[in-house]
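Chemist: model the following, please.
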Amino acid sequence: MENTQQFDMISIGDTVVDAFIKLSVGHIQETAHGREICLPYGMKIPFDEVYILPAVGNSANAAVSAARLSLKSGLITSLGNDQNGEECLAQLQKEDVAIDFIRKEDGKKTNYHYVLWKDDERTILIKHEQFTPLLPNIGTPKWLYLSSLGKHTLPFHFEVVKFLEENPTVELAFQPGTFQLGYGAEIADLYKKTSVVCMNKEEAEGLLNKEGVSVQELMDGLQALGPKTVIVTDGPLGAYMKYDNTYFNMPVYPDIAPPYERTGAGDAFFSTFIAYLAKGFDAPYAIQRAPINSMNVVQHIGAQEGLLSEEKIEEYLKNAPEGYKLTILEPIVKAN
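Modeler: Residues are numbered from 1 along each chain as shown. I've put the predicted structure just below:
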């Protein structure tokens, strides 16, 4: 059946059920490999609470974020033909996300992750089912929002490129997941079709094989791959953006209380940014609002509960402290 609906944003990516297990025991220690969570081995370990959150994952989170911001939002994903899949569908419908493009695959299990939650951070135990992604008839949405997919899905990315070539009015927002970053030059054509790409500083350094360079040089490197607008996030230093040949920095929005749990802060940031572009605003306008959604998400459990309406975002922006300002950065002049 031909799709005649006009979507503002359709997200593409794996969907999961997250089981948040709040730990009261164990400790964090610094090692040569970074910070590690340590638990007694071979013992029964008590936990405080478990919270089951269906229909999450980078792209599902983005779809819900867009819907909360009053956009016509849909999701392309695969689920197992099981109870967890039914709960994901019900949750998405509750959030007013269109489920027209979601496939249920027989013989597959809906992705289910275990989140070990200690203090305000988490370690996630993941397993991605081998779903077969397909691009259904979606019409011509304003934006596609592509994020994390399984390692086996490389050919699907070529389908997305073909769709964008055949539908040049559709804009692509790309928030690459672990395996997509690992594809490197294999998805060079996808980067060329990307309108906005967003990743953190460490991901940009790894993709470009550049460490210890300025964030401006990282953004130049990403833009050279093809994206018109580039965003690099850097934790407490905020987000950096190259747009219209100008470099910007946007600080984080100050926490209204100590962060409760940090899952989904990046998804909230980038999806909010794209949602405001879909509403017709420009990038400097959008990036001033994106950190506000991130700030509120970390005040709640999981990636979706704290997502805000446009009215609430504007209220926070109106009451922002004086230091919360978008600033223009000077280009880095390389020595000859």
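
Chemist: now do the buried residues in the biggest strand by length in the chain.
Modeler: Scanning the chain for the strand with the most residues, using DSSP state E, yields strand 47-56. When burial is assessed from 16 or more other Cβ atoms under 10 Å, strand 47-56 yields the following buried residues: 53, 54, 55, 56. C-beta: built from backbone N, CA, C; applies to glycine.

Chemist: tell me the pLDDT at the residue nearest the centre of the chain?
Modeler: Per Cα atoms, centre = their mean, the C-alpha nearest to the average position across the chain is that of residue 267, at 3.1 Å. Listed pLDDT for residue 267 reads 96.

Chemist: residue 116 too?
Modeler: Looking at residue 116, the pLDDT reads 92.

Chemist: that one belongs to a strand?
Modeler: Yes: checked against DSSP: H, G, I helix; E, B strand; the rest coil, residue 116 lies within a strand.

Chemist: can you give me the helices for the stretch 51-200 of the chain?
Modeler: In the stretch 51-200 of the chain, the helices defined using DSSP state H, counting those that start in this stretch lie at 58-68, 83-94, 154-166, 178-183, 188-192.

Chemist: ok, and which of these has the densest surroundings?
Modeler: Mean neighbour count (mean count of other Cβ atoms under 10 Å) peaks for helix 58-68 among those, with a mean of 28.

Chemist: bridged to residue 36, which residues?
Modeler: residue 29 (DSSP bridges).

Chemist: for it, list the residues it contacts.
Modeler: 28, 29, 30 (Cβ atoms under 8 Å, 6 or more residues apart in numbering).

Chemist: let's see it at 10 Å
Modeler: 27, 28, 29, 30, 123 (Cβ atoms under 10 Å, 6 or more residues apart in numbering).

Chemist: what's the burial count for the residue lying closest to residue 260 once chain neighbours are set aside?
Modeler: Nearest residue to residue 260 in three dimensions, chain neighbours excluded: residue 299, at 5.4 Å (Cβ to Cβ, 6 or more residues apart in numbering). Using other Cβ atoms under 10 Å, residue 299 has 15 neighbouring residues.

Chemist: doesn't residue 299 lie inside a helix?
Modeler: No: per three-state DSSP, residue 299 lies outside any helix segment and is coil.

Chemist: please name the residues that touch it.
Modeler: For residue 299, counting by Cβ under 10 Å, 6+ apart, the contacting residues are 255, 256, 257, 258, 259, 260, 261, 305, 306.

Chemist: measure it to residue 94 for me?
Modeler: 21 Å (Cβ to Cβ, to the nearest Å).

Chemist: check residue 103 too.
Modeler: As judged by Cβ to Cβ, residue 103 and residue 94 stand 20 Å apart.

Chemist: circling back to that earlier point, please name the residues that touch the closest residue to the residue nearest to the centre of the chain other than its chain neighbours.
Modeler: With sequence-adjacent residues excluded and distances taken as Cβ to Cβ, 6+ apart, residue 267 is closest to residue 61, at 4.0 Å. Residues near residue 61 by Cβ under 10 Å, 6+ apart: 11, 13, 15, 55, 147, 263-264, 266-268, 270-271, 297, 302-304, 307.

Chemist: same thing but 6 Å
Modeler: 264, 267, 303, 304 (Cβ atoms under 6 Å, 6 or more residues apart in numbering).

Chemist: likewise for residue 239?
Modeler: If you count contacts by Cβ under 6 Å, 6+ apart, then residue 239 has 231, 233, 250 around it.

Chemist: of those - the most surrounded one?
Modeler: residue 231 (28 neighbours).

Chemist: what's near enough to touch it?
Modeler: Contacts of residue 231 by Cβ under 6 Å, 6+ apart are 198, 239, 241.

Chemist: circling back: residues in contact with the longest strand of the chain?
Modeler: 15-24, 87-88, 91-92, 301-303.
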